[in-house]
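In: Just need the structure, nothing else, for what follows:
(one chain, ligands or ions: 1)
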Amino acid sequence: MNPCNMNQLGVTRETSWAVGHFNIHNQEFIKAVVRAAEQERSPAILAVGMLSVKYMGLAPLISSCQIISKQTDVPIAIHLDHARELEIVRQALELGINSVMFDGSALKYEENVEKTTFVVNMAHDYGATAEGEIGIVPHGSASVSESDMTDPAKAIEFAEQTGVDFLAVSLGSVHGMKQAGASLNQELLQKLHQQIKVPLVLHGASGVVDEHIQAAVANGIRKINVNTGLKVVLKDFLSARFSNNPDTDLLDDFNQGIDAITASVARRMRLFGSSNKA
Ligand SMILES: [Zn+2]
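Out: Residues are numbered from 1 along each chain as shown. Model (predicted):
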């Protein structure tokens, strides 16, 4: 199947489930996510982040995603994650990516509106979807302050002014957490979901406990971003494997590493309610 944009995955503001966005860094991660999608009969998003672009290159990553997505019969979207420069968005769209996120959350409100609107229009010209962010989801170990969380009035205005297809909001999660310990402001989420006309996105989900993920889906989150959690799974698997079986073939190690990521992605698809929605 050809990869599709985020509006073609079957998830909408009104569905009672969320689609998983899984950051990929090489072909092993891409295969793992697509295998999980096949096993679970779930749509999925293959996300290309800026560190992975630096590691592997934009064109090699996008074309690997395209080739592997075409070999499967479940809907897959390829998405650019946390772009902060307009030029990389343009390059990704030119390479045929289906969806882009412009992260202007650290900019002044007016500049975030202006650049996000530009990205939305450019994405739509290519038949792609666009995600924006309002409020700040911090990186690293910093916790989320009240002032970082999304202000409902600003978010409504932002969604209407920019025309984003999906909107990332800040509810208490933090990027890069290696263990799940964070909870979310569910009351704020309910308010945002009631008042905002587009599907809402949760970033930093690796650090959020399962109960809060499930409640977030019930309260209106429709796209859930997972990055760090999958890196941790592979690293833990390979370090145990290398110390217990030093003589195995490396390709066999990688294959089993792919299986370990697949199992973790499949578990999350069930948690998000996206299984059997393809
Ligand atoms: Zn993020």
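
In: Pretty sure L202 sits against A216.
Out: Yes - with contact taken as Cβ atoms under 8 Å, L202 and A216 are classed as touching, separated by 5.8 Å. (C-beta placed from N, C-alpha, C; glycine too.)

In: which residues are common contacts for the two?
Out: The overlap between the contact sets of L202 and A216 (Cβ atoms under 8 Å, 6 or more residues apart in numbering) consists of 18, 171, 184, 208, 224.

In: H82: which of those is nearest?
Out: Nearest to H82, judged by Cβ to Cβ, of those is I224 at 15.2 Å.

In: any idea which element the closest one lies in?
Out: Secondary structure assignment for I224, by DSSP states H and E: strand 221-226.

In: Then R35?
Out: helix 27-40.

In: could you check the angle strand 221-226 makes with that helix?
Out: For helix 27-40 against strand 221-226, the angle by axes from the mean of the first three to the mean of the last three Cα atoms, to 10 degrees is 140 degrees.

In: Give the buried residues for helix 27-40.
Out: Neighbour-count burial for helix 27-40 flags 27, 29-38, 40 (criterion: 16 or more other Cβ atoms under 10 Å).

In: what is the mean pLDDT for it?
Out: For helix 27-40, the per-residue pLDDT values average out at 98.

In: what do you get for stretch 188-197?
Out: Along stretch 188-197, the predicted confidence averages to a pLDDT of 98.

In: Residues contacting that stretch, please?
Out: By Cβ under 8 Å, 6+ apart, the list of residues contacting stretch 188-197 reads 13, 149-150, 152, 155-156, 159-160, 167, 169, 171, 200, 216, 219-221.

In: Just give the number of residues close to the residue nearest to G127 when sequence neighbours are not counted.
Out: Distance criterion Cβ to Cβ, 6 or more residues apart in numbering; nearest residue to G127, sequence neighbours excluded, is N5 at 6.7 Å. In terms of burial, N5 registers 22 neighbours under the definition other Cβ atoms under 10 Å.
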